[in-house]
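K.L.:
Could you work out the structure for the sequence below:
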Amino acid sequence: MRILQMMGGGDVGGAKTHIMTLIQALRARNEVMLISFRDGPFPREAAKNGINVKVIPSFNPIYCAGEVRRIAAEFKPDVIHCHGGKANLVGALVRGKTHVPVLTTVHSDYRYDYLGSPFKQWTNGLANTIALRFLDYYQAVADRMARTLISRGFPPERVCKIYNGMNFGDPVEGLDRAAYCREQWGVEIAPDDILCGIAARLTAVKDIATCVRGFAGAVREVPQLRLFLAGDGEDEKMLRDLAQELGVADRVTFCGWVSPINKFFACMDINLLTSLSETFPYSILEGVRERCATICSDVGGMSELIDSGENGYIFQPRDYEELTKCLLAFARDPEKRRVFADRLYEKAVRDFSLDTMCRTQEENYEKIIRLYKKPKNTRDGIVICGAYGKGNAGDDAILRAIVQEMRVFDPDRPITVMSRRPMETKLLYRTDSVYTFHIGSVLRRFRRAALYINGGGSLMQDVTSTRSLKYYLFTLDAAKKLGCKVMMYGCGIGPIRRPGNRRHTARTINRAVDLITLRDDLSRGELTRMGIVEPEIRLAADPTIILKPAHDAQIDQAMESLGIPLDGRYLGFGLRNWSGLTSVIDEIVKAAQYAYDRHGLIPVFVPIEFPSDLEPARAVAGKLSCPHYVITERLPIEVTIGLLSRMKTVIGIRLHSLMFSAGRGVPVIGMSYDIKVDGFLKYIGSRTCIPLAEVTADKLAPLIDECVSGQMDAEVRATAALLRERELENSRGAAMLIGQVEAAAKR
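P.N.:
Model prediction:
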């Protein structure tokens, strides 16, 4: 690839390190040119390192844009990559005229770039804010910044991620830190001193005042602590006064700008970050390389690097009292500092290396170039409709699975989700999203789509609402009339009870739907009884079967945070409010008590729809005399699946509590309130299902015995494997329909 990088030229700190490190790494396999809009140390250092540098030393963005177009015409880049406000402004001016995509890396939150300087905020900051809206693609440093951009209206499909990476080789060795501190800053340190360091500009956004306050609280209890501030900036006088006011001036050293920084961190025991806003600061990675224990504010991608309490500590911005506690935890335990530093080093080397950053950057370039070159009027989108954005983990899991499968099929294909909470859906799934019932927006998406997916679940039913059934049928018709292939994906059918609704459903599906994949065999019978014969019908499985649980470490951490011991034996419950539940609550309580007394199984109540499932969980739990746990917070889908996978068996009214568990090979017992529960359990050949109205402890007890005995284990594992294989029919069907659209377009 031929890559044209543009930067202001006055970049310092993490942005400078990122740009220089990235360009040098990319040069190994790509042709790279760097344009700087200012002469100075940065472009000169780049030229010294053999980088092809062009300097356009002008404050006039119009002139700079003309020069960039001239250079681009000669260099012929595949992509133009901007860094910083000046480069973004020039990039916006040349976009469209160079006929290549213009990408910017968002190194920091542009709303905080000039915090504390109102004039610059309303000039440079405003110009950058406007320019960003006129670029093609956005590369966020860390996922939190990607979420920030999307929440501010930047299209999810045009936002990609990257993480700062570092070469963790060649740490400083054999440094006499006492001599170094004496020579550099005239500070005498004792052998038992505990050195805390922070490398940051002394500006408002870095919030060094919180660092000083937190340190002051800790040093009163551990006098051996010292604080070194490596950086300069407009807040220096205020910080010196604050240290004096707090009585710690003799333990705080203002180091000024420090270069090279590696020896600074090699002296430190603890590396600190107290910023109000960051993306993925290099100062943390630089400390990790030198095996510093790490404490940082919860900003940017820090929570993706640091598992608080496992390999470092994270506190909320401005919470200096919590910072004090973290400092004391490290100050009082040298072994903890060592262990945490080693763990963090191992994770950083694995996930945040220079090679990883460079590989991610090249993949992002390749995707951006592919997207930019796609014909602009191609009918290639996918629209997905379902009961999404309502807080139900089962429906959310269906959407996650469908999006995952569509991206495996084609990672570049645009996806739009019809959702009750479009912004939440955009943030979670990184797709376009429109409000489910905003008909105008929905129809516009249909006009650009190749495929309309009426997503999994039981949308075709009139138990909860005839109105919703009619709306979903309307979308099938509308999508077909506007040229989409139409698929009902991994779904259940019914119950549809009203004769008029049954006739309407049959007519619409027969004329509008191309393919139906079903998650159970009972639904096939319901389609036959309604006279639905035109679409192709395939047996598949619920899309959620393909979802994998979170990693063991994440599940362990979730259980520990919920107070659930890792070594326990558990009986999972997936309850929901439903008519008839109240009359059998006492029987469920007796069965749970039996499982504990007979098998030592501790009940764990796992909500699938949050928070509505908490009410029945608490109703049962409140009557138990045995130990039990009620999960009272909404967990990520993968963690919920992981928790259920740790159960010895799961008793569920909620269909997806049974599906999540069965898909991971956990024996399940269904308390059926609906045909969809019967259909799923019969589909997997389960014998462990009782109608909700007929639930008794005497009926549940032998089923619990059978599930716990191990006699069903081989059967359950085989069923899970079968479901995963059958589920592939969903994505195969979607791929077939899209292939038909593409073949027709070529004719």
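
K.L.:
three-state assignment of Ala662?
P.N.:
Local secondary structure at Ala662 is given as helix here, using DSSP: H, G, I helix; E, B strand; the rest coil.

K.L.:
what are the ranges of the strands in the stretch 201-350 of the chain?
P.N.:
225-230, 252-256, 270-273, 293-297, 313-315 (DSSP state E, counting those that start in this stretch).

K.L.:
Show me which residues of the second one are buried.
P.N.:
Buried residues in strand 252-256, defined by neighbour count with 16 or more other C-beta atoms under 10 Å: 252-255. Where C-beta positions appear, they are placed from N, C-alpha and C, glycine not excepted.

K.L.:
I'd like the next helix or strand past the longest strand along the chain.
P.N.:
Selection of the longest strand in the chain by residue count, based on DSSP state E, yields strand 485-493. Using DSSP states H and E, the helix or strand that follows strand 485-493 in sequence is helix 499-512.

K.L.:
residues making contact with the helix or strand bottoming out on mean pLDDT in the chain?
P.N.:
Lowest on mean pLDDT, DSSP states H and E among the helices and strands of the chain sits helix 13-26, with a mean of 81. Helix 13-26 is contacted from outside by 3, 5, 7, 11, 32, 34, 42, 45-46, 49, 51, 83-84, 105, 107-108, 141, 164-167, 200-201, 279-283, 354-355, 357-358, 361-362, using C-beta atoms under 8 Å, 6 or more residues apart in numbering.

K.L.:
same thing but at 7 Å, please
P.N.:
The contact list for helix 13-26 (C-beta atoms under 7 Å, 6 or more residues apart in numbering) reads 3, 5, 7, 11, 32, 34, 42, 46, 49, 51, 83-84, 107, 164, 201, 281-283, 354, 357-358, 361.

K.L.:
Ser523: neighbouring residues, count only.
P.N.:
Using other C-beta atoms under 10 Å, Ser523 is surrounded by 24 other residues.

K.L.:
Equivalent analysis for Arg70, please.
P.N.:
Residues near Arg70, counting by other C-beta under 10 Å, number 11.

K.L.:
and it, what helix or strand is that in?
P.N.:
Counting by DSSP H and E, the element that carries Arg70 is helix 61-75.

K.L.:
elements contacting that helix?
P.N.:
With contacts defined as 3 or more C-beta pairs under 7 Å, 6 or more residues apart in numbering; DSSP states H and E, the packing partners of helix 61-75 are strand 2-7, strand 31-36, helix 85-94.

K.L.:
what angle sits between that helix and strand 2-7?
P.N.:
With axes from the mean of the first three to the mean of the last three C-alpha atoms, to 10 degrees applied, the angle from helix 61-75 to strand 2-7 works out at 160 degrees.

K.L.:
following helix 61-75, which helix or strand shows up next?
P.N.:
Counting by DSSP H and E, the next helix or strand C-terminal to helix 61-75 is strand 79-83.

K.L.:
Longest helix in the protein, by number of residues?
P.N.:
When the chain is parsed with DSSP state H, its longest helix is helix 713-746.

K.L.:
in that one, what's buried?
P.N.:
Under 16+ other C-beta under 10 Å, the buried positions of helix 713-746 are 716, 719-720, 723, 726-727, 729-731, 733-735, 737-738, 741.

K.L.:
So Arg201 sits against Glu234, correct?
P.N.:
No. Contact status for Arg201 versus Glu234: not in contact, 8.9 Å apart, counting by C-beta atoms under 7 Å.

K.L.:
need the helices for the stretch 201-350 of the chain, in chain order.
P.N.:
208-219, 236-245, 262-267, 282-289, 302-305, 320-331, 334-351 (DSSP state H, counting those that start in this stretch).

K.L.:
Domain map for this structure?
P.N.:
As recorded under automatic domain parsing, the domains making up the chain are 2-162, 177-351, 378-539, 552-724.

K.L.:
Could you pull up the residues touching Thr105?
P.N.:
Contacts of Thr105 (C-beta under 7 Å, 6+ apart): 83, 139, 141.

K.L.:
Run through the helices of the stretch 401-550 of the chain in chain order.
P.N.:
If DSSP H, counting those that start in this stretch is used as the criterion, the helices of the stretch 401-550 of the chain fall at 422-429, 439-448, 466-481, 499-512, 521-530.
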